[in-house]
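Engineer: model the following, please.
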Amino acid sequence: MENYSDFLAQSLVIGIGATIVMDLWAATQHKVLGVPSLNYALVGRWIAGMPSGEFRLNPVSVSTSAPFERTIGWSAHYLIGIVFAAVLLSFIDFGWAELWLGLSCIGVGLVTVAFPFLIMQPSFGLGIAASRTPQPNTVRFRSLVAHFSFGVGLYVAVSLSRFLWC
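Structural biologist: A predicted model of the protein is given here:
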């Protein structure tokens, strides 16, 4: 990376682009297959409770709402996408990820599924990797597909961003 400001700009563009692809995939699944999307207001509610020491919402669906929870949740969703894009760009700078860019992007996307499996789902009272849900394998599969779509989005965004930074 030439300089820090380029790194930040590329992280923003790639992270937002990849997250948009993930969201478009979720909207398509919802419209075509009736698959419910994650309610980002619940994510915002969870985050909004953290400053007061509330790190677990159990059960999240009936917990008390928080001011601006939808905005907080959606903002966090995109900020997390930007952070993961920065991680990918860091690996690309080492050179090895450049050789296998498509696989590197998909790999980063799939690795990110660890966060909902190990942090969010347990914090929402759903257990590790949704183990306390009625259909844990279905929830796990949907999480994997969502994060795979983020990996595809990373690849698309990295490929398109090269026109901006060539």
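
Engineer: quick one: list the elements packing against the biggest helix by length in the chain.
Structural biologist: In the chain, with assignment by DSSP state H, the single longest helix is helix 4-33. The elements that helix 4-33 packs onto, with contact taken as 3 or more CB pairs under 8 Å, 6 or more residues apart in numbering; DSSP states H and E, are helix 69-94, helix 136-161. From N, CA and C alone the C-beta is placed, and that goes for glycine too.

Engineer: which element follows it toward the C-terminus?
Structural biologist: Along the chain past helix 4-33, the next helix or strand (assigned with DSSP states H and E) turns out to be helix 40-49.

Engineer: and that following helix, what's its mean pLDDT?
Structural biologist: Helix 40-49 carries an average pLDDT of 92.

Engineer: please apply the same query to stretch 57-70.
Structural biologist: The average of the pLDDT scores along stretch 57-70 is 82.

Engineer: make 4 the starting number, not 1.
Structural biologist: Will do, 4 is the new start, and the previous item becomes stretch 60-73.

Engineer: can you get me the start-to-end distance on that stretch?
Structural biologist: Using CA to CA, to the nearest Å, one end of stretch 60-73 lies 16 Å from the other.

Engineer: what's the answer for stretch 122-132, then?
Structural biologist: Counting by CA to CA, you get 9 Å between the two ends of stretch 122-132.

Engineer: so what's the gap between it and the chain middle?
Structural biologist: Centroid separation for stretch 122-132 versus its chain: 15 Å, with CA atoms, centre = their mean, to the nearest Å.

Engineer: which SS class is Arg59?
Structural biologist: Reducing the assignment to helix, strand or coil with DSSP: H, G, I helix; E, B strand; the rest coil, the entry for Arg59 is coil.
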